[in-house]
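**Student:** next comes the sequence, and after it the predicted model I'd like to discuss.
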Amino acid sequence: MRLGQESSLPAISGERHLKVEDVQEAYVEQKDRLLAGLDTAQRLLGDVRDFNKNEWVVRYPTLQETNHDETSTSKRPRRSIRRSLSFADDPDSHTDVIYTPSRNGLARAVTLPSIADAQESTEFSDGHDLQQDKADGGNDDHSLPLKYGDFSILRLDLKLGPSGSSTSPTALVSHLERGSIAKLLDERIGSAMHHMDKLRLRITDTSSKVLVTGDLNAGKSTFVNALLRREVMPVDQQPCTTAFCEVHGASENDGIEEVHVLKQGVTYSVSDESTFTRASLADLESIVADNETNVQPVLKIYLADSRVPSESLLNNGVVDISLIDAPGLNRDSLKTTALFARQEEIDVVVFVVSAENHFTLSAKEFLGTASNEKAYVFIVVNKFEQIKNKEKCKRLVLDQIKDLSPHTYSDAADLVHFVDSTAALRPYTANPAFDDLESSLRSFVLVKRSKSKLQPASTYLSNLLNELDLLAGANAIVAQSDIDRANDDLLRSKPVWEKMKNSRDALEDALEVVEETGASRTHERTKVILSAALDRVGHGQPGVDHCLSLPAYRGLLRIWDYARDVRSVLLASLDAAVKLAEEEARILTKAGVTRITDLGDEHLPQGVERSRRVFVPEAMFNVRPGKKGGLKDRHSPTARAVVAGGVYNLGIGLAQRSDMLDTSFSDIFDFNHHLAIHFGGGEGDDNESSPTALSVLSVGMGALTMVGGKVIGARSLIDGAIRLSDISANETTRSWVAPVIGAVVVGATAYLIYRLPDTIPKTIGRRIRASLLNVEENATEAETFINANAGRVSRETRKVLRLASWDLRERFRVAMEERGREVRQAEELEKKARNALQFFHEVERRSGVAREEAGL
């Protein structure tokens, strides 16, 4: 069999014949290097643990085979191979990587593939690889293991189901959150650090512990007795070993052969009898075989070996050796678990397997665990003499060992022995096979201590550093990915954020301009429309063209109804003017809303949802009862002020107000107006600017001769005039009184007949105009008809524009805050990712230093 290369540990032919001094010197040198590497690795592991807790949630990677690897037919050992990288918290995300176990601390464990890497992962026949193979002496010890990049020391194994099931460790871990996985990883790192403390104690311990274990009835106790060349351990056809029996040389107990039964929960000391109970060797069988409790006692058995040091394992003259006979693996789950935990303290594992049964499931699991840590396991195939087809048995056993412990298989000539322990106990009987086994075991324990005592720690350290490299390499890829993603986010968000910050004031100014412009334009336009309408009404014409027309004059007898109809038409025309002003305000408001929408398209970044509000012009100037300006304000001091659409937006127009529709005598004849024109120097209508005799007479007699009793005191005035003529003694005066009176009557009649249809609309219009322009008591000038309507229309426009502006401002503010938050998060992510990338690169560098110090 070919000897495997033991990392940098010395592998020298003829080791059994080396001088003890030379072996001890090489052992001490390698031990010191290994301790230095362990210290560096333990500090590194502690830093990774702290970084996982405080700085960065370390991702737990998994490597899976790609389709290319599954179909590859090349059997040549690969130093790098393409794998699919995913993480336990995100199993659906896969990244192709190149996995390379670290060699001499130089190679990255996991890297993103390049073109050259892709070629190397499929073709390994280049000159460099061939030369490297020759330099390695043709060994494939550096080739990838069977499960590339699989975790063993840092494995998050939940032990809740078989592999491949929905409750298997892999499936369960993949459903955990990132923080939970980080906590589990922290626990595994803590366990690894604790185990490294045990490794250090094991290395510094000058003694060596040899654990003899195996399945039930494999002949473990018989094998121990054969090594001791005396029957000390109880032997039976039924499983009888129920305790851990540690066999030491009697020289450690002042040369006395006896049994010490250790007390539970107390640290044992051979010089302190309070820590153990003494028993004789004759009581050993009853202590071991009759124990039916679930408590596994630990026994210290001290034996004297009279053989010379060159033949004795216990009394070898080099180091103190203890043989530990352990209970069988399949006895019960509790004892099997205890045995798994105990093997961590062992330097050499001697696994005894029956040649009849080969390896059971428990044996395979134990050997797999032991091989991951110790690499080399000493295997004894017992009861071999009873097998007929010995060659077939050897072939089957070696094939199983090849899968369970490759390093053991590579050195099978020294580590795998087919013997019969019972035959070795027969006196005066030669047993070359067992003698060769004993010689190999002595060499493995004493001479090859680099394998037996240091190799477990060396293997553990190498595996741990490989797993740290895998962890660091995968997380370095994640950190670089986060940096790239953060930079992409910054390139996308930061310019938008800066642009929004710079345009914020401009947007505010533009919105204020739109709001003020819209309100002022509707205010001024309303004033123009209503002023023109009032001027037309003051001239007796409807306030709006092509809308209403004056009623027809229906004669003197229905003049009162005519005056009322004229007033109603003129008031209705003013209502129509108000509606016209409101309609133009809707047009101007719509233009303002459109401008605000354009400002949103100009200043809001892409991806921000635009306003879903729909401007409905018809909804303007519709006020519900109970709102401001509604029914609750009817009793205010200015409640009678005429506003657009009625009294304080009630929707009651001027034409529907009873106080505005009341008709009086002044609507037919405005005496004060005519006096002001003819005698007071006032200005009247254009048609009445040149007074005539008829108009002058009508002024006097119109008031005296009205039909009916509308004019009170007319007869008294006539009687006064007759008396006045009687007083006059001038006969000439009396002669023209009668003609004057007649003329007055005729003029009044002409006035009534010819002028009333034209003057009544003007008279009513003047009165309406004057009533709407005059400022009432306790009211302000702004509450006149024109100003009140202009203010109301402009307020409605401002309200709509302000609502649209507020909506745009709010969307702009939220968008800017969101972009700012994205920028801050991206900057924070980029900073943390760069720190993590630097840290994981440092982990890889320090891992290489630890390898170099340990000589791996």
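**Tutor:** Sure thing, it's come through. Because the structure is a prediction, the values reported are computed rather than measured.
**Student:** now the helices for the stretch 751-856 of the chain?
**Tutor:** Counting by DSSP state H, counting those that start in this stretch, the stretch 751-856 of the chain has helices at residues 756-773, 785-854.
**Student:** other SSEs contacting the last one?
**Tutor:** If I follow you right, that is helix 785-854. helix 20-54, helix 455-538, helix 559-603, helix 756-773 (3 or more Cβ pairs under 8 Å, 6 or more residues apart in numbering; DSSP states H and E). In short, each C-beta sits where N, CA and C put it, glycine included.
**Student:** hey, least reliable of the helices of the stretch 751-856 of the chain by pLDDT?
**Tutor:** In terms of average pLDDT, helix 756-773 trails the rest of the helices of the stretch 751-856 of the chain, at a mean of 81.
**Student:** got the angle between that helix and helix 559-603?
**Tutor:** 50 degrees (axes from the mean of the first three to the mean of the last three Cα atoms, to 10 degrees).
**Student:** helices or strands up against helix 756-773?
**Tutor:** Other helices and strands packing on helix 756-773, by 3+ Cβ pairs under 8 Å, 6+ apart, are helix 455-538, helix 559-603, helix 665-668, helix 785-854.
**Student:** next, format those as JSON lines and append distance to T267.
**Tutor:** Compiled in JSON lines, the helices and strands packed on helix 756-773 are given as follows (distance: least, Cβ to Cβ, whole Å):
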{"stretch": "helix 455-538", "distance to T267": "23"}
{"stretch": "helix 559-603", "distance to T267": "77"}
{"stretch": "helix 665-668", "distance to T267": "124"}
{"stretch": "helix 785-854", "distance to T267": "31"}
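**Student:** so which of the ones you listed gets nearest K53?
**Tutor:** Among these, the nearest to K53 by Cβ to Cβ is helix 785-854 (13.1 Å).
**Student:** got the angle for that closest one vs helix 756-773?
**Tutor:** 40 degrees.
**Student:** use 22 as the first number from now on
**Tutor:** Will do, 22 is the new start, and the previous item becomes helix 806-875.
**Student:** just checking, which helix or strand of the chain averages the lowest pLDDT?
**Tutor:** One helix or strand of the chain scores below all others by mean pLDDT, DSSP states H and E: helix 148-156, with a mean of 39.
**Student:** any idea how far D490 is from R221?
**Tutor:** Per Cβ to Cβ, to the nearest Å, D490 is found 22 Å from R221.
**Student:** more neighbours: those two, which one.
**Tutor:** Set D490 next to R221 and count neighbours by other Cβ atoms under 10 Å: D490 wins out with 26 against 16.
**Student:** thought that one was touching S868?
**Tutor:** Yes: D490 is in contact with S868 according to Cβ atoms under 8 Å; the separation is 5.4 Å.
**Student:** double-check that V629 belongs to a helix.
**Tutor:** No: counting by DSSP: H, G, I helix; E, B strand; the rest coil, V629 is located in no helix; its state is coil.
**Student:** contacting residues around it?
**Tutor:** 832, 836 (Cβ atoms under 8 Å, 6 or more residues apart in numbering).
**Student:** can you classify K409 by secondary structure?
**Tutor:** coil.
**Student:** stretch 399-410 spans what distance, first to last residue?
**Tutor:** Using Cα to Cα, to the nearest Å, the end-to-end distance of stretch 399-410 comes out at 23 Å.
**Student:** list the buried residues for that stretch?
**Tutor:** Under the neighbour-count criterion of 16 or more other Cβ atoms under 10 Å, stretch 399-410 has 399-405, 408 buried.
**Student:** of those, closest to R575?
**Tutor:** Taking Cβ to Cβ as the measure, R575 lies nearest I400 of these, at 134.3 Å.
**Student:** for the closest one, list each beta-bridge partner.
**Tutor:** Beta bridges link I400 to F372, V437, judged by DSSP bridges.
**Student:** was I right about R823 contacting E536?
**Tutor:** Yes: counting by Cβ under 8 Å, R823 touches E536, with 5.9 Å between them.
**Student:** the more surrounded of the two?
**Tutor:** E536 (20 against 17).
**Student:** can you tell me the closest non-neighbouring residue to that one?
**Tutor:** Closest residue in space to E536, ignoring its immediate chain neighbours: L822 at 4.6 Å, by Cβ to Cβ, 6 or more residues apart in numbering.
**Student:** before we move on, what about R575?
**Tutor:** By the measure of Cβ to Cβ, 6+ apart, the closest residue to R575 outside its immediate chain neighbours is Y583, 6.0 Å from it.
**Student:** same question for V864.
**Tutor:** A493 (4.1 Å).
**Student:** tell me how far L491 lies from A396.
**Tutor:** According to Cβ to Cβ, L491 and A396 sit 19 Å apart.
**Student:** residues touching the nearest residue to D68 once chain neighbours are set aside, list them.
**Tutor:** For D68, ignoring the flanking residues on the chain, the nearest one in space by Cβ to Cβ, 6+ apart is V864 at 7.7 Å. V864 makes contacts with 65, 68-69, 489-490, 492-493, as judged by Cβ under 8 Å, 6+ apart.
**Student:** now a PyMOL select for only the buried ones of these.
**Tutor:** Selecting only the buried entries of the contacts of V864 in PyMOL, with 16+ other Cβ under 10 Å as the criterion:
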select buried, resi 65+69+489+490+492+493
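**Student:** of all the contacts of V864, which comes closest to N643?
**Tutor:** Checking the contacts of V864 against N643 by Cβ to Cβ gives L492 as the nearest, at 69.5 Å.
**Student:** contact partners for that closest one?
**Tutor:** When contacts are counted by Cβ under 8 Å, 6+ apart, L492 is found next to 69, 79, 81-82, 175, 864.
**Student:** any chance of CSV for these, columns distance to V814?
**Tutor:** Shown next, in CSV, are the contacts of L492 (distance: Cβ to Cβ, whole Å):
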residue, distance to V814
V69, 73
V79, 68
Y81, 69
P82, 70
L175, 77
V864, 74
